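>>> Sequence and predicted structure, then a few things I'm wondering about:
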Amino acid sequence: MRARPAPPVRRSVAPTAGACHPGAVARPTEREALLASLQAQRAHVLSAIDGLGESQLRGSLLPSGWTPLGLVRHLTIDVERFWFRVVVAGEHLAFPSDDEVWHVPDDVTSGGVLDAYRAEALASDAIIRARPLESESARWPMTAFPGTPDRDLRGTVLHVITETATHAGQLDVVRELLDGHQHLVMTDFAGPAVG
């Protein structure tokens, strides 16, 4: 009887991107996925108001009185700046009152508001990239939000994604009321009623 040859030695090697599926792309890290989601919501905000005239940006269609430009300023100051620069990074910054945030003065240009939003988003992204997602907040705003549990950077990013997406949806509705423009059309509701 002949001896069988020894089986080949198999090494365990992690497949590289595309090794199993040609053309496959490596999955993003959790941080990259969170940043991509946040950046997509910010882009949605800006696209919802792109092409609106000055009077449309500064006018309100709602009983609450907020304007598209005021909402972007709120996202800049109360969301991006507050949550990332103050809460996460611990910066000590002065803030205008809510009324000053939501009501954009006539001497502040719409371009200035949009540029400030873009700049604050870049600052936020740098903060997100510089810290572990598990890192705790440098300054938790207990006086502003009593009873709210402290959250790590991951939780703060998720909160800001949610708030930005909510406001993007509000801007979509206002935009449709202003000029009929729709961000995403899944179904034609203008056709005949079914029933």
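Structure's in. What do you need?

>>> hey, which helix is longest across this structure?
helix 153-179 (DSSP state H).

>>> what packs against that one?
Applying 3 or more CB pairs under 8 Å, 6 or more residues apart in numbering; DSSP states H and E, we find helix 153-179 packed against helix 30-49, helix 68-74, helix 110-130. The C-beta positions use only the backbone N, C-alpha and C, and glycine is treated the same way.

>>> okay, these in a markdown table with mean neighbour count, distance to Val87 and mean pLDDT next?
Converted to a markdown table, these look like this (neighbours: other CB atoms under 10 Å; distance: least, CB to CB, whole Å; pLDDT from 0 to 100):
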| stretch | mean neighbour count | distance to Val87 | mean pLDDT |
| --- | --- | --- | --- |
| helix 30-49 | 17 | 15 | 98 |
| helix 68-74 | 22 | 16 | 97 |
| helix 110-130 | 16 | 10 | 98 |
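
>>> Which among those helices is found nearest to Thr143?
helix 68-74 (19.6 Å; CB to CB).

>>> helices or strands up against the closest one?
helix 30-49, helix 54-58, helix 98-102, helix 110-130, helix 153-179.

>>> how does it look with 6 Å?
Where contact means 3 or more CB pairs under 6 Å, 6 or more residues apart in numbering; DSSP states H and E, helix 68-74 is packed against helix 54-58, helix 98-102, helix 110-130, helix 153-179.

>>> so which of those comes closest to Arg31?
Nearest of those to Arg31, taken as CB to CB: helix 110-130 at 6.9 Å.

>>> Can I get that closest one as PDB, trimmed to CA atoms?
The C-alpha coordinates for helix 110-130 follow below in PDB (Å, rounded to 0.1, in the frame of the first residue of the first chain):
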ATOM      1  CA  SER A 110     -27.700  85.000   1.500                       C
ATOM      2  CA  GLY A 111     -24.300  84.100   0.000                       C
ATOM      3  CA  GLY A 112     -22.700  84.900   3.400                       C
ATOM      4  CA  VAL A 113     -25.200  82.600   5.200                       C
ATOM      5  CA  LEU A 114     -24.500  79.800   2.700                       C
ATOM      6  CA  ASP A 115     -20.700  80.200   2.900                       C
ATOM      7  CA  ALA A 116     -20.900  80.200   6.700                       C
ATOM      8  CA  TYR A 117     -22.800  76.900   6.500                       C
ATOM      9  CA  ARG A 118     -20.200  75.300   4.200                       C
ATOM     10  CA  ALA A 119     -17.300  76.500   6.400                       C
ATOM     11  CA  GLU A 120     -18.900  75.200   9.600                       C
ATOM     12  CA  ALA A 121     -19.500  71.900   7.900                       C
ATOM     13  CA  LEU A 122     -15.800  71.600   7.000                       C
ATOM     14  CA  ALA A 123     -14.900  72.500  10.600                       C
ATOM     15  CA  SER A 124     -17.300  69.800  11.800                       C
ATOM     16  CA  ASP A 125     -15.900  67.200   9.500                       C
ATOM     17  CA  ALA A 126     -12.400  67.900  10.700                       C
ATOM     18  CA  ILE A 127     -13.600  67.400  14.300                       C
ATOM     19  CA  ILE A 128     -15.300  64.200  13.400                       C
ATOM     20  CA  ARG A 129     -12.100  62.900  11.700                       C
ATOM     21  CA  ALA A 130      -9.800  63.900  14.600                       C
END
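
>>> Good, wrapping up.
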